[in-house]
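> Any chance you can model this:
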Amino acid sequence: MSQSTDKSLPSLVQKLAHLPFRKASTDETAAQLGLITLETDLTIETELRHFIGDSIGTKIGRGQKPTILHSRIACDDEVTSENLTAMIDRFDESLALFPPGYRFDVVGYGCTSASLLIGEKAVQNLIKSNISVKHVTTPLTGVRRALRAIRAKQIGYLAPYISEISSQMCALLKDEDGLHIAAAATFGEGRDSIVGCIHPESILDAIDAIVAQASTRLDAIFISCTSLKCATIIHAAEAKHGIPIISSNSAIAWDMARLASLDVPGARKGRLFNQYG
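This next block holds a predicted model:
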């Protein structure tokens, strides 16, 4: 089959007008958010948009919805302390995939357990040394701030992973934040790709079990892991048990919104979004 050509195209291109334009000023630009997502995570990107995708800027990008850019970081599917801490050498490559010279208002690193093992300050320094960003947060940073904001003291803890990491997490919350872990449980699953497929109804059942297990009334429950799909069940769990339910994804989204001065519609997102402490 012969290919037809439009001989008028070159002359049309030569006649294309060059129209003027201007770049948007900083005051006209929406809040610029970035998210570093684990290679194996099936959940956090969708849930971040659930929690704050409909928010509106009040100081930065007043009246505009935020821009959210994502980059993946290489990681192993098997969740171990060694595999999580190995990510410390992979930040440079991940951050280099963001647009060159881009300036962020807030960047979140989407791994709760690695934030614990690498260290929140170390994560912040790694990110700030590679890109231009005002604020850096993690799910662990977000949940610690969130639990302070709601003045929780007696908490329940749910995680999918091995007891070693969970024990370190609970010890941090106890020793550095003065929290009492009144009940704790894990699904005992070591593969992130499987964790991302755990049914939300199983998470609801686990919340029921933690409340029943606690020897005292809980002030809140923290569900640790960005791969766990909690966004659709937080409202129902809170209505049933009358306490705040905070997931890794709701915590990092809340903290990113707070740092970017976003006004977040709070309907069915959890009690946390009524707090901006």
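
> Helices of the chain, residue ranges please.
Per DSSP state H, the chain carries helices over the ranges 9-14, 44-52, 81-85, 91-95, 112-118, 120-128, 139-149, 163-177, 192-195, 200-213, 234-241, 248-259.

> Looking at these, spot the one closest to Ala30.
helix 44-52 (12.1 Å; C-beta to C-beta). All C-beta atoms are positioned from the backbone trio N, CA, C, and that covers glycine.

> State the number of residues packed around Ala260.
Counted with other C-beta atoms under 10 Å, the neighbours of Ala260 add up to 24.

> Oh, that last question was meant for Lys128, not what I typed.
Neighbourhood size, Lys128 [other C-beta under 10 Å]: 15.

> now swap in Leu19 and tell me
5.

> do you know how far the nearest residue to Ser224 once chain neighbours are set aside is from Ile165?
Distances taken as C-beta to C-beta, 6 or more residues apart in numbering place Ala159 nearest to Ser224, at 4.3 Å, with adjacent residues excluded. To Ile165, Ala159 is 7 Å away according to C-beta to C-beta, to the nearest Å.

> The two - which one has more neighbours?
Set Ala159 next to Ile165 and count neighbours by other C-beta under 10 Å: Ala159 wins out with 26 against 22.

> Mind listing the residues bridging to that one?
As for beta bridges, Ala159 partners with Thr186 under DSSP bridges.

> Would you confirm that His235 contacts Leu272?
No: judged on C-beta atoms under 8 Å, His235 makes no contact with Leu272 at a distance of 11.4 Å.

> Which one's more surrounded, those two?
When His235 and Leu272 are compared for neighbours, Leu272 comes out ahead with 28 against 15, by other C-beta under 10 Å.

> For the more buried one, give me its contacts.
Residues counted as contacts of Leu272 (C-beta atoms under 8 Å, 6 or more residues apart in numbering) are 146, 149-150, 244, 246, 250-251, 254.

> Nearest to Cys225 among these?
Ala251 (11.3 Å).

> I'd like to know how many residues surround the closest one.
For Ala251, the neighbour count with other C-beta under 10 Å is 29.

> and what of the one 3 residues further on?
Neighbours of Trp254 under the rule other C-beta under 10 Å: 28.

> Just give the nearest non-adjacent residue to it, would you?
Counting by C-beta to C-beta, 6+ apart, Leu272 is the residue found nearest to Trp254 once chain neighbours are left out, at 5.3 Å.
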